[in-house]
Structure formats: C-alpha cells, structure tokens
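Q: Give the three-dimensional model of this entry:
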Amino acid sequence: MSTVAGDSDSLTPHDLRHPGLTGMSREQLSDLTHTLIPRLDEHRERVRQAARGGPRRVARGTGRKPTLAPADQILVTILYLRKHSRQELLGRLFNTTAMTISHAVKDVRPLLEAHDFTVTASTARFRTPDDITTFLDSDACKIEPASSCGPVRDQSN
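A: Just a heads-up that it's a prediction; the model follows:
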C-alpha cells in the first residue's frame, strides 16, 4: 500500500499504524505482524486446498494477487476490532471494498485468538479520513502515543 485513498491524501500507511489507532506500539505491531504472516499464509493455503478438493495443480505465485498484503490484512483487522470505524471507511483508506475488509477480518481474527491476542475497543470513532487526521494531529496523541488518545479537554475552571 503506497498511499491511502480517499478525501485525505495526507494519511499514509505509517499514520494508520499509529499507537493511538492500534492500541499498541509500532514495535509490538511489527512483532505481531511478523508472527502472524506465515500463519495467515498457511491458513489461506488450507482453505484453498479444501475448496479445490486436493493439492495445488499450479505453482505458488500464479493467479490473482490479493488486494491487501498480509501485513495490511492484520492492520485492518486490528483497526476494525478496535471499533474505530465501519468497514466502508477502512475500505476507502486501504483502497479496497468493504467485502475485502470483511474477508481479511474473517481470516485474521482466528489467528489473533489462537495467539491469545486481545484487541481492546477504543472510544474514538471515525466517519471520514479527515476525522482520523484530526485525531492524529491532536496534542493528546503527541504527548501520550501509547494511550487512548482523544480530544483534549480543558479541565481548569
């Protein structure tokens, strides 16, 4: 994924991996991704073999390429499980369809559960890419990147 589609071209894949969005540090996300990618490939191969009714007839790497890279499938699943937004917005952000997002979540969620990885829901909700940009630009996200960021409220009266 080179750039994020939609109204806000300022969002990048790096932005979507922000700790305020994923609920974990970039290093934790990277470790999780490296752990799950081989298992995601194994899962996909098992599902396809069951659908074919037997082993492959053509070499690996042939055929249609997936719309989302495995790392993006894991990221989109985490963002979806954090309940930030609907699949339609995630589809816009990743330049794909809500159906592709649904398939990614369906494939990745069991792997997260198998590794006893729980995704905590966030209180932040987004309807547009611009909402995410505003959220990431808030001072709260810059001060405490590992916490759940939100709008800064003035507590002094």
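Q: Can you name every helix or strand that the longest helix anywhere in the chain contacts?
A: Counting by DSSP state H, the longest helix found in the chain is helix 26-52. Applying 3 or more CB pairs under 8 Å, 6 or more residues apart in numbering; DSSP states H and E, we find helix 26-52 packed against helix 70-81, helix 98-114. (C-beta placed from N, C-alpha, C; glycine too.)
Q: For it, buried residues please.
A: 29, 32, 33, 36, 37, 40, 43 (16 or more other CB atoms under 10 Å).
Q: my read: the last one touches residue 111, true?
A: Yes - contact criterion CB atoms under 8 Å: residue 43 and residue 111 qualify, at 6.7 Å.
Q: Let me have the helices and strands packed on helix 26-52 in TSV, extended by distance to residue 58, mean neighbour count and mean pLDDT.
A: Output for these, formatted as TSV (distance: least, CB to CB, whole Å; neighbours: other CB atoms under 10 Å; pLDDT from 0 to 100):
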stretch	distance to residue 58	mean neighbour count	mean pLDDT
helix 70-81	20	23	95
helix 98-114	22	16	93
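Q: between the ones you listed, which one is nearest to residue 87?
A: Counting by CB to CB, residue 87 lies closest to helix 98-114 out of those; the figure is 4.0 Å.
Q: tell me what whatever helix or strand comes next after the closest one is packed against?
A: Counting by DSSP states H and E, the next helix or strand C-terminal to helix 98-114 is helix 129-137. In terms of contacts (3+ CB pairs under 8 Å, 6+ apart), helix 129-137 is packed against helix 13-16, helix 19-22, helix 87-93.
Q: Okay, now the unreliable bits of the chain?
A: Across the chain, the ranges flagged by pLDDT under 70 are 1-10, 59-64, 139-157.
Q: Okay, and residue 83 sits in which element?
A: Counting by DSSP H and E, no helix or strand carries residue 83.
Q: how much space between the residue nearest to it when sequence neighbours are not counted and residue 23?
A: Nearest residue to residue 83, sequence neighbours excluded (CB to CB, 6 or more residues apart in numbering): residue 121, at 4.5 Å. Note on residue 121: its distance to residue 23, by CB to CB, to the nearest Å, is 9 Å.
Q: Distance check, the nearest residue to residue 114 once chain neighbours are set aside against residue 115.
A: Sequence neighbours aside, residue 39 is the residue nearest to residue 114 in space, at 7.7 Å (criterion: CB to CB, 6+ apart). The gap separating residue 39 from residue 115 is 8 Å, by CB to CB.
Q: Repeat that for residue 65.
A: Residue 65 is 26 Å from residue 115, where distance means CB to CB.
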